[in-house]
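Trainee: Here's my sequence, what's the structure:
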Amino acid sequence: MKQNMKPAYFSALSILGQHDEAMDVSQEAFIRAYNYFDKYDRNKKFFTWYYKILKNLCLNRIRDTKNKRESDLESFSNLLSIESAEETYINEELKNKVSEALLDLKPEEREILILREFENFSYKDIAELLNIPEGSVMSKLFYTRKKLSKKLTSKM
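Mentor: Next up is the predicted model:
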């Protein structure tokens, strides 16, 4: 469980876009995984099985709140933090613009982008996690990157 806590949180954050919601849902998903562990197919990766539980809970949370989004730019800023003690105003502005642009994406677009770019999952792993063909992962990433680039260009 310990090795999956961080990826679980960031996966939930990529879908929900809010720190508190991501914490709640990732913890709830671990509880559900524990309760249904007897249904886990040990021939598959645990995170793949767990991710499906997590994703469904995230989508339920979105549905239940009727897509009410309150942006938590600080959470995405943490994802994008620059490890220099001398962060400048320009770097902060850039992080805020990237965070805003990420939050402007649809949850499924953010999800696939975060899995690839921030969590470094392979195309194959993303395809397995999302239960879509590997070619679809590449295609969706291409169009999501293009959309993100357009949003960033308009914010600059």
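
Trainee: Distance from the chain centre to the helix or strand harbouring Lys55, please.
Mentor: Assigned by DSSP states H and E, Lys55 belongs to helix 46-64. Helix 46-64 sits 11 Å away from the centroid of its parent chain (CA atoms, centre = their mean, to the nearest Å).

Trainee: what sits up against that helix?
Mentor: With contact meaning CB atoms under 8 Å, 6 or more residues apart in numbering, helix 46-64 is reached by 4, 7-8, 11-12, 15-16, 21, 25-26, 28-30, 32-33, 36, 40-41, 107, 111, 125, 128-131. Backbone N, C-alpha and C define where each C-beta goes, glycine included.

Trainee: Rounded mean pLDDT for it, please.
Mentor: Summarised as a single mean, pLDDT over helix 46-64 is 84.

Trainee: Report pLDDT for Trp145.
Mentor: Careful, residue 145 is Arg and not Trp. pLDDT recorded at Arg145 is 90.

Trainee: my guess is it meets Ile112, correct?
Mentor: No: in this structure, Arg145 is not within contact of Ile112 by CB atoms under 8 Å, at 9.9 Å.

Trainee: which one of the two has more residues nearby?
Mentor: Using other CB atoms under 10 Å as the criterion, Arg145 and Ile112 rank with Ile112 on top: 25 against 15.

Trainee: Skipping its backbone neighbours, what lies nearest that one in space?
Mentor: Once flanking residues are discounted, Ile112 sits nearest to Lys140: 5.3 Å by CB to CB, 6 or more residues apart in numbering.

Trainee: mind listing what's buried in the helix or strand harbouring the one you found?
Mentor: Following DSSP H and E, one finds Lys140 within helix 134-155. Buried residues in helix 134-155, defined by neighbour count with 16 or more other CB atoms under 10 Å: 137, 140-141, 144, 147-148, 151-152.
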